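Trainee: Return a 3D structure for these sequence lines:
(chains A and B)
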Amino acid sequence: MEYEIKPKNKLTLGIDELWQYRELFYFFTWRDIKVKYKQTALGFAWAVLQPLVMMVIFSVFFGQALKVPSDDIPYPVFVYSGLLLWNIFSSGLSNAGNSMVNNANIIKKIYFPRLIIPISSVLVSIFDFMMALFIFIGMLLYYPTHINIAECFLYMPVSIFITCFSTFGIGAFLAALNIKYRDFRYIIPFMIQALLFLTPVIYPVSIIKFAWIKYLIAVNPMYGAIELFRHPIIQKPIEINLVLISLGSSILFFVVGLFYFRKTESYFADLA
Amino acid sequence: MKPILEIKSISKKFRIRHENHSYLSLRDSLTSLFKPDRSSSEEFYALNNVSFDVFQGECIGIIGKNGAGKSTLLKILSKITPPSSGKITSRGRIASLLEVGTGFHSELSGRENIFLNGSILGMKRKEIESKFDEIVDFSGVENFLDTPLKHYSSGMQLRLAFAVAAFLEPEILVIDEVLAVGDAEFQKKCMGKMEDVSKSGRTILLVSHQMGTIAQLCKKTIIIEKGAVIFNDETNKAIDKYLSDHQYKGASWACDSSSARKKIYFRNINLINDKKELTDVLGFNESINISLKIIYNERQPNLKISVTMLDKFQSRIFTSVELLDNHILSDGNEYSLTLKIPGNIIAPNYYTFRYALYDDNGNVFDLLESETKVRIMDTGTEMAKYEGVDYGFLILKCEWT
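Mentor: The predicted structure follows:
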């Protein structure tokens, strides 16, 4: 076998290399999950507690007090379904954004495809999602909701998939930017907070009166994911145009994010 | 046979920014916001046109001053940073040890860290599992495998880190100054393992400041200075060149003004031959004469002088001690002594000396760790054809019956 080390000129995704180093995905994710829950008394229960508590708070204030409508299903179920996917996005983005800087010491000393780092940090959020999913199933059984089981198996995996790859894409993008411009460490949390209110997690899109605002919200990749996720539980038809805009947006972010990361990754070790 | 590693014209350029304004006051810093940015940048070549070939099974040492570009070269070889120009062709898998314990996480246990570190270094999980027992055995931390790494002493952490790295099996191993870790016993273990790796036909590139390690492991050595390769040949010649360029201070030494405050101190020391000429090169058969001038400001009883001969690795060969009272003070406060080391004993090589003035109570009045170099040349001894090879410090005339 023969290979060359040269100044970098071609832009590729490096899928072969990622496959060669696939065990590292497991090790980094495992390490992050273990360290996150290691010295805690509650352990993995924390993964469930956060969305649960948020749901309770939102249900009390938005559902009961403010009487925000929820497309004819119990408000807790409505908000929790949104929170499930939203948490993948928000924790995935903040983990990924800071992942490269946090792992600076490894990046400077050893070679492996750098993409593994932000992707592993998103995988950690997916692990938390799995835990929280059990509670969701419990809730669906507790509250009187009409569920279209067949559709569940189609819509839910698709929406999870869309969430994942938009998070990967934006996460990789932010990770690369954060190394060069450390401002992003501070921008990321407030950006996520703002986005929470621009995504139909707490409220349904149906309460928006103006069409152009709806189109604006549709650019948010999470819009499509959450709408699709909720479809088996909600009776209303989904607005295909908006979902398609959202889907296009996810794909765009994914492609741009990944390519930007690949373009700049050779110089991470010099900047970190 | 094609080389396993071909390094061709590798250069690495960095850009350094120079800030041209100074912040003297708040007013200056505010006004500088409105002035045009007068900072300039300069190009800095960490590596400049480096080329050499490595063949399979060779162990190559890389030496040079701090800042010469050695670590940058290793980083390029390890694909951590790309070269600015040039090309490297490799016909084997490269594994690098630029730091031990890369990827160790203090919250995880020793066992977990072995897997994590091994995987980061490029080992597959099955490989780690099969070598697990050997790794634990080599590191000596068997009892503490399940405690978190943060509870380990730093020595234990280093030993564990090196143990994982020692069982990598790449075709080419690149090591950056990490062998100098741990206590003497562990260092011996590490050196032993490196020798095994080398004997098993693997190629090693070793960067180190320990000339002894390089001399023991590597047949060829490269010297890098200011980003360029200035020497690429046998290790002994390389070490001699490196040390003579950087370490030796000549056949003559004189004190500076700070010594005048001491009670007793060395004034000057000269190496001379039998004809009383100043020289730093002597033949094997010539005696080595050291002429010393010592200034004596305050009366001290039982004053002694010791002269220790050191080899190029700072190992001590022998010490000669003399009571200063045996000599007369001349000119009121100056001792003038000459030490004659007989010829036909010290083997041809480079040497320096350690000088000390002290008394039996443990007071040290003046100490020169390594001054005045001398080179002993072979003038036709039995060992002439082995000059440069380490056959010992002395050529003693012994009797064989």
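
Trainee: what residues does chain A put near chain B?
Mentor: A:1-8, A:23-24, A:27, A:31, A:34-35, A:38-39, A:105-112, A:266-267, A:269-270 (Cβ under 8 Å from any Cβ of the partner chain). Where you see a C-beta, it was placed from the backbone N, CA and C, and this is true even at glycine.

Trainee: and A:Leu154, what helix or strand is that in?
Mentor: helix A:149-180 (DSSP states H and E).

Trainee: What average pLDDT does that helix get?
Mentor: Mean pLDDT, computed over helix A:149-180, is 88.

Trainee: I'd say A:Val77 and A:His146 touch.
Mentor: No - assessed by Cβ atoms under 8 Å, A:Val77 is found out of contact with A:His146, at 11.0 Å.

Trainee: These two: who's more crowded?
Mentor: A:Val77 (23 against 10; other Cβ atoms under 10 Å in any protein chain shown).

Trainee: Could you find the closest non-adjacent residue to that one?
Mentor: Leaving aside its sequence neighbours, A:Val77 sits nearest to A:Tyr143 (Cβ to Cβ, 6 or more residues apart in numbering or on different chains; 5.3 Å).

Trainee: how many other residues sit next to the one you found?
Mentor: 15.

Trainee: got it, and A:Asp16?
Mentor: 10.

Trainee: Shouldn't it be within a strand?
Mentor: No - judged by DSSP: H, G, I helix; E, B strand; the rest coil, A:Asp16 forms no part of a strand; its state is helix.

Trainee: Could you check how far it is from chain B?
Mentor: Between A:Asp16 and chain B the distance is 15 Å, computed by Cβ to the nearest Cβ, to the nearest Å.

Trainee: For burial, what's the neighbour tally of residue 117?
Mentor: The chain I'm using is chain A. 26.

Trainee: oops, I was thinking of chain B
Mentor: When counting by other Cβ under 10 Å, one arrives at 27 neighbours for B:Asn117.

Trainee: roughly how far apart are it and B:Ala161?
Mentor: 7 Å (Cβ to Cβ, to the nearest Å).

Trainee: what's the neighbour count on A:Met156?
Mentor: If we define neighbours as other Cβ under 10 Å, then A:Met156 has 20 of them.

Trainee: still on that earlier bit, now go through the residues of chain A next to chain B and say which are in helices.
Mentor: With DSSP state H as the criterion, helices contain A:Glu23, A:Leu24, A:Phe27, A:Arg31, A:Lys34, A:Val35, A:Asn105, A:Ile106, A:Ile107, A:Ala269, A:Asp270 from among those.

Trainee: Could you tell me which of those count as buried?
Mentor: If you count burial by 16 or more other Cβ atoms under 10 Å in any protein chain shown, the buried members of those come out as A:Glu23, A:Leu24, A:Phe27, A:Arg31, A:Ile106, A:Ile107, A:Ala269.

Trainee: With respect to B:Asn363, which of these is nearest?
Mentor: Nearest to B:Asn363, judged by Cβ to Cβ, of these is A:Ile106 at 51.3 Å.

Trainee: what's the pLDDT at the nearest residue to the closest one once chain neighbours are set aside?
Mentor: Ranked by Cβ to Cβ, 6+ apart and with sequence neighbours excluded, the top spatial neighbour of A:Ile106 is B:Gly103, at 5.1 Å. If you check B:Gly103, the pLDDT there is 80.

Trainee: same thing with B:Asp37?
Mentor: 61.

Trainee: quick one: contacts for the residue nearest to A:Ile106?
Mentor: B:Gly103 makes contacts with A:Ile106, A:Ile110, B:Leu116, B:Asn117, B:Ile120, as judged by Cβ atoms under 8 Å, 6 or more residues apart in numbering or on different chains.

Trainee: can you do 7 Å?
Mentor: Residues near B:Gly103 by Cβ atoms under 7 Å, 6 or more residues apart in numbering or on different chains: A:Ile106, B:Leu116, B:Asn117, B:Ile120.

Trainee: So which of those residues are in strands?
Mentor: Using DSSP state E, no member of the contacts of B:Gly103 sits in strands.

Trainee: Can you tell me which of those residues is closest to A:Ser246?
Mentor: Nearest to A:Ser246 among those: A:Ile106, at 35.4 Å, using Cβ to Cβ.

Trainee: hang on, the closest one packs against B:Asn117?
Mentor: No - using Cβ atoms under 7 Å, A:Ile106 makes no contact with B:Asn117, being 10.0 Å away.

Trainee: Pick out the residue of the stretch 101-250 of chain A closest to chain B.
Mentor: The nearest approach of the stretch 101-250 of chain A to chain B comes at A:Tyr111, 4.1 Å away (Cβ to the nearest Cβ).

Trainee: sorry, back to before: are we agreed that the residue nearest to A:Ile106 is in a strand?
Mentor: No - counting by three-state DSSP, B:Gly103 falls outside a strand, being coil.
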